[in-house]
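Student: Fold the following and give me the result.
(one chain, ligands or ions: 2)
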Amino acid sequence: MNIIRKRSWDLPEREATPEAVFFNRRSVLAGLGIAGASIAGGAGLPRAAFAEEDPNAGLYPAKRNEAFTLDREITPEKVTSIYNNFYEFGSHKQIASAAQALKIRPWEVKIDGLCDNPQVLDYDDLMKKVSLEERLYRFRCVEAWAMAVPWTGFPLAELVRLASPKPEAKYLRMETFMDPDTASGQRASWYPWPYVEGLTLAEATNELAFMVTGVYGKPLAKQYGAPLRLAVPWKYGFKSIKSIVRFSFVEERPVSFWEEIQSAEYGFWANVNPEVSHPRWSQAREQLLPTGEQVPTQLFNGYGEQVAALYKGLEGENLYM
Ligand SMILES: Nc1nc2c(c(=O)[nH]1)N[C@H]1C(S)=C(S)[C@@H](COP(=O)(O)O)O[C@H]1N2
Ligand SMILES: [Mo]
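Tutor: Ligands and ions are numbered 1, 2, ... in the order given. This next block holds a predicted model:
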């Protein structure tokens, strides 16, 4: 399954977008089987996943917010916890063990840029300022695999409120940690590390934009982007940046990680739309993990009622890639 990596340095395009090559029903099932054979049960997580004391463990499980329901089954934890995209730990899906090297305590979160309350916060202190809830969200990767996950967290709007952005702030730029010693993927210098993503402030304060701190009723395991990752379920998965260390309020539109690598294929907006194909494949259908069952893709991943109004007047933009 590593065939696409063996000449990586002369394959910038394929290396940048391996999921389409990687994803087919057989490879997913084989991947799950191989990873499954090496673990001792439980949720499928290596023992190290529980090694660090978590002072917030008592906050889980948080009460479910019934406003966020699903049209499909929750994807089992034993599936989603061993099939992850986290390039900091490798350009394939079996990064769960490698990701356990990430040290998430202490974890500083910096809030800066055009805001009245710039600050550096310890993650555990941030947790005291917010209230957690559980939401069931669909998730759709740009490469057409999909899952449904019970995230725990708080609205991104709460963090924006803490910062109190100035009127000139138009975008929220988010950045992942940078630590090539623990994240071997970051030693690959052809990628524009650290991982960056951005939203307009209107998107960041939409009720659906969610800061994730837990999943399946527990603190977030590292492979999902502990201790703090984004979930924007109406956008393709690459917008949902993991292991965030910095939030900056800025006037100019940030250039995100994948956009910088391949702007013709991964744009800033990246809203899910079955009718707008990726340059190399159709987005009309998606494949549910882990069976590969094909289901029709929905506009805004089914969240149009909450988010369609955000894009009025922006029809001239590439909203769907
Ligand atoms: N920092 C960082 N965030 C990231 C990525 C990544 O490689 N690094 N991959 C993105 C992509 S392409 C997807 S599909 C989702 C995968 O999230 P999951 O592993 O929890 O399913 O994370 C997104 N966030
Ligand atoms: Mo993705």
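Student: per-residue confidence averaged over stretch 179-194?
Tutor: Averaging pLDDT along stretch 179-194 yields 97.
Student: do the same with stretch 149-161
Tutor: On average, stretch 149-161 scores 98.
Student: quick one: contacts of that stretch?
Tutor: With Cβ atoms under 8 Å, 6 or more residues apart in numbering as the test, stretch 149-161 has contacts from 60-62, 64, 74-75, 80, 111, 126, 129-137, 139, 172, 199, 201, 204-207, 209-217, 220, 230-231, 247. To be clear about C-beta, it is placed using only N, CA and C from the backbone, and glycine gets the same treatment.
Student: Sort out which of these are buried, if you could.
Tutor: Applying 16 or more other Cβ atoms under 10 Å to the contacts of stretch 149-161, the neighbour count classes 60, 62, 75, 80, 111, 126, 130, 132-137, 139, 172, 199, 201, 204-206, 209-216, 220, 230-231, 247 as buried.
Student: which of those residues come close to ligand 2?
Tutor: By Cβ under 5 Å from the ion, no member of those lies near ligand 2.
Student: Can you report how many residues neighbour the residue in the stretch 151-300 of the chain that ligand 2 sits nearest to?
Tutor: At 3.8 Å from ligand 2, residue 237 is the closest residue in the stretch 151-300 of the chain, using Cβ to the ion. The number of residues packed near residue 237 is 21, by other Cβ atoms under 10 Å.
Student: List phi and psi for it.
Tutor: Here is the backbone geometry of residue 237 (degrees, to the nearest 10): phi -60, psi -30.
Student: What residue, apart from its backbone neighbours, is nearest it spatially?
Tutor: Of all residues not flanking residue 237 in the chain, residue 141 sits nearest, at 3.9 Å (Cβ to Cβ, 6 or more residues apart in numbering).
Student: what does residue 139 give?
Tutor: In space, residue 139 is closest to residue 147, 5.0 Å off (Cβ to Cβ, 6+ apart).
Student: Helix or strand next in line after the host helix or strand of that neighbour, which one?
Tutor: Assigned by DSSP states H and E, residue 147 belongs to strand 145-155. Next along the chain after strand 145-155, taking DSSP H and E as the criterion, comes helix 156-163.
Student: wait, isn't residue 226 in contact with residue 104?
Tutor: Yes. Here residue 226 reaches residue 104: they are 5.1 Å apart, a contact under Cβ atoms under 8 Å.
Student: which of these two has more neighbours?
Tutor: Between residue 226 and residue 104, counting by other Cβ under 10 Å, residue 226 is the more crowded of the two (25 against 16).
Student: where does the closest residue to residue 96 other than its chain neighbours fall, helix, sheet strand or coil?
Tutor: For residue 96, ignoring the flanking residues on the chain, the nearest one in space by Cβ to Cβ, 6+ apart is residue 223 at 4.2 Å. Secondary structure, DSSP: H, G, I helix; E, B strand; the rest coil: residue 223 is helix.
Student: what about residue 223, how many neighbours?
Tutor: 27.
Student: On the pLDDT front, check it for me.
Tutor: 98.
Student: and the gap between residue 283 and residue 308?
Tutor: 17 Å (Cβ to Cβ, to the nearest Å).
Student: show me the contacts for residue 88.
Tutor: 99, 176-177, 183, 185-186, 193, 195, 242-243.
Student: How about residue 117?
Tutor: Residue 117 touches 111, 162-164, counting by Cβ under 8 Å, 6+ apart.
Student: ok, the strand holding residue 147 near ligand 1 or not?
Tutor: No. Using Cβ under 6 Å from any ligand atom, we find that strand 145-155 stays clear of ligand 1, coming within 6.7 Å at best.
Student: Same check on stretch 177-184?
Tutor: No. On the criterion Cβ under 6 Å from any ligand atom, stretch 177-184 is out of touch with ligand 1, staying 8.1 Å away.
Student: Endpoint to endpoint, that stretch covers what distance?
Tutor: End-to-end distance for stretch 177-184, by Cα to Cα, to the nearest Å: 13 Å.
Student: quick one: buried residues of it?
Tutor: For stretch 177-184, using 16+ other Cβ under 10 Å, the buried residues are 177, 179, 183.
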